[in-house]
Every structure is written in C-alpha cells, then in structure tokens.
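Visitor: Quick one: sequence and predicted model below, then my questions.
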Amino acid sequence: FRRTYCAGCLPRGKNCLFMKAHCELVGNGLVRFCYECSDFPCRRLKALDKRYRTSYHMSMIENLGFIKERGIESFLEKETEKGECQE
C-alpha cells in the first residue's frame with residue numbers, strides 16, 4: 001500500500017498534505033488546525049480519524065480538541081510524557 005505513518009506536516013512547516021487536496025482552507029493555509037473550521041469535524045476528517053484509531057490507536061479529532069482547549073504546548077508536553085520511559 002506504500003502508506004507510512006504520518007509524522008505531521010506542521011513540524012516541517014507545511015500544511016497537512018492529506019487534507020490539503022480536499023480542503024481549501026487547509027490547502028491555502030487559511031486555517032492552521034482543522035478545529036478552526038466551522039465544519040469541524042468534517043466528513044473527510046472523520047474518515048481519517050477512523051483509520052488512525054484503527055491503525056495507530058489514536059484520535060486526530062480528540063487531539064485537535066485537546067489542542068483547541070489547552071494549546072499546542074500542553075499537547076506536546078502530554079505527548080512527550082506519554083513517550084518517555086516511566087522508569
């Protein structure tokens with residue numbers, strides 16, 4: 001299938017490559033995060049979220065909700081803690 005894990009576009013200074021082809025707001029950089037759209041979560045994001053829940057056991061929609069409520073810095077701290085060895 002040649003699909004690889006998405007490392008994220010924002011850290012590389014790009015807009016989401018998957019959504020870019022399907023969303024004018026993301027594609028043109030008019031929104032940085034999908035939650036900024038009045039259509040959030042749109043049909044395409046729900047389909048992508050379903051695939052990520054199945055394949056990677058994470059939810060893009062939940063992550064975006066967390067970022068919206070608490071900010072990107074808090075999200076990155078949470079993810080860093082999750083990835084660290086507990087011992």
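Guide: Alright, I've got the coordinates.
Visitor: Could you report the neighbour count for the nearest residue to residue 30 once chain neighbours are set aside?
Guide: Leaving out its chain neighbours, the residue that sits closest to residue 30 by CB to CB, 6 or more residues apart in numbering is residue 24, at 7.5 Å. C-beta: built from backbone N, CA, C; applies to glycine. Residues lying near residue 24 (other CB atoms under 10 Å) number 9.
Visitor: from what I can see residue 24 touches residue 37, true?
Guide: No: contact status for residue 24 versus residue 37: not in contact, 10.1 Å apart, counting by CB atoms under 8 Å.
Visitor: So for the protein, which residue is the most central one in space?
Guide: Of all residues in the chain, the one closest to the mean position by CA atoms, centre = their mean is residue 60, 4.7 Å from it.
Visitor: ok, and the closest non-adjacent residue to that residue?
Guide: For residue 60, the closest residue by CB to CB, 6+ apart turns out to be residue 49, at 4.7 Å.
Visitor: Would you agree that neighbour is in contact with residue 59?
Guide: Yes: under the criterion of CB under 8 Å, residue 49 lies in contact with residue 59, with a separation of 5.6 Å.
Visitor: and residue 62, what helix or strand is that in?
Guide: Under the criterion of DSSP states H and E, residue 62 resides in helix 60-70.
Visitor: Format the CA atom coordinates belonging to that helix as CSV.
Guide: Output for helix 60-70, consisting of C-alpha atoms alone and laid out as CSV, is shown next (Å, rounded to 0.1, in the frame of the first residue of the first chain):
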residue,chain,number,x,y,z
MET,A,60,-6.9,13.1,15.5
ILE,A,61,-10.3,14.6,16.5
GLU,A,62,-9.6,14.1,20.2
ASN,A,63,-6.1,15.5,19.8
LEU,A,64,-7.4,18.6,18.0
GLY,A,65,-10.0,19.1,20.7
PHE,A,66,-7.2,19.0,23.3
ILE,A,67,-5.1,21.5,21.4
LYS,A,68,-8.1,23.8,21.0
GLU,A,69,-8.9,23.7,24.7
ARG,A,70,-5.4,23.7,26.2
